[in-house]
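1. Sharing a model that was predicted from the sequence below.
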Amino acid sequence: MSEITEAIAARQTQITQLQSDIETLQRAASVLGGGTNAPAKASSRPKAPAKPKAKSQPKQKAKTKRKQHQWSAAEKAAIGRRMKAYWAKRRKAKG
């Protein structure tokens, strides 16, 4: 178990050293690049790769929200008659 803890400690030391190196390089890059702000501390996780920006295309009109069909009274009555006939036929077939 002590070998594992020693290995963990060694890796943590390496991480600390690498973070220090990153901070130094970022400061140097901001000075050379003319930037005035340097990040205070590098994060321990790498950033996700940046997505390439798509060429600007004219925005399409937003799709209109489809309205639900409103059944008329006559349509509702016709549906009711069909369903009653359907269930009556099933009851008759069942026995």
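-> Cool, got the structure. Residues are numbered from 1 along each chain as shown.

2. chain center to the longest helix along the chain: distance?
-> Longest helix of the chain, by residue count under DSSP state H: helix 2-33. The chain centroid and the centroid of helix 2-33 are separated by 30 Å under C-alpha atoms, centre = their mean, to the nearest Å.

3. helices or strands next to it in the packing?
-> Identification of packing neighbours for helix 2-33 by 3 or more C-beta pairs under 8 Å, 6 or more residues apart in numbering; DSSP states H and E yields no helix or strand. Heads up, the C-betas are built off the backbone N, CA and C, glycines and all.

4. Please identify the buried residues of it?
-> Across helix 2-33, burial judged by 16 or more other C-beta atoms under 10 Å covers Gln26.

5. quick one: average pLDDT of it?
-> Helix 2-33 shows a mean pLDDT of 91.

6. which is the next helix or strand following that helix?
-> helix 73-94 (DSSP states H and E).

7. tell me which strands and helices that following helix is in contact with?
-> Partner elements for helix 73-94 (3+ C-beta pairs under 8 Å, 6+ apart): none found.

8. Identify the residues contacting it?
-> Trp71 (C-beta atoms under 8 Å, 6 or more residues apart in numbering).

9. just the CA coordinates of it, formatted as CSV?
-> Extracted in CSV, the C-alpha atoms of helix 73-94 (Å, rounded to 0.1, in the frame of the first residue of the first chain):
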residue,chain,number,x,y,z
ALA,A,73,-69.3,18.5,-32.5
ALA,A,74,-70.2,16.6,-35.6
GLU,A,75,-66.8,15.0,-35.8
LYS,A,76,-66.9,14.0,-32.1
ALA,A,77,-70.3,12.4,-32.6
ALA,A,78,-69.1,10.5,-35.7
ILE,A,79,-66.1,9.2,-33.8
GLY,A,80,-68.3,8.1,-30.9
ARG,A,81,-70.6,6.2,-33.2
ARG,A,82,-67.6,4.4,-34.8
MET,A,83,-66.1,3.5,-31.5
LYS,A,84,-69.4,2.1,-30.1
ALA,A,85,-69.7,0.0,-33.3
TYR,A,86,-66.1,-1.2,-32.9
TRP,A,87,-66.5,-2.3,-29.3
ALA,A,88,-69.9,-3.9,-30.0
LYS,A,89,-68.3,-5.9,-32.8
ARG,A,90,-65.5,-7.0,-30.4
ARG,A,91,-67.9,-8.0,-27.7
LYS,A,92,-69.9,-10.1,-30.2
ALA,A,93,-66.8,-11.7,-31.6
LYS,A,94,-65.6,-12.6,-28.1
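
10. No more questions from me, cheers.
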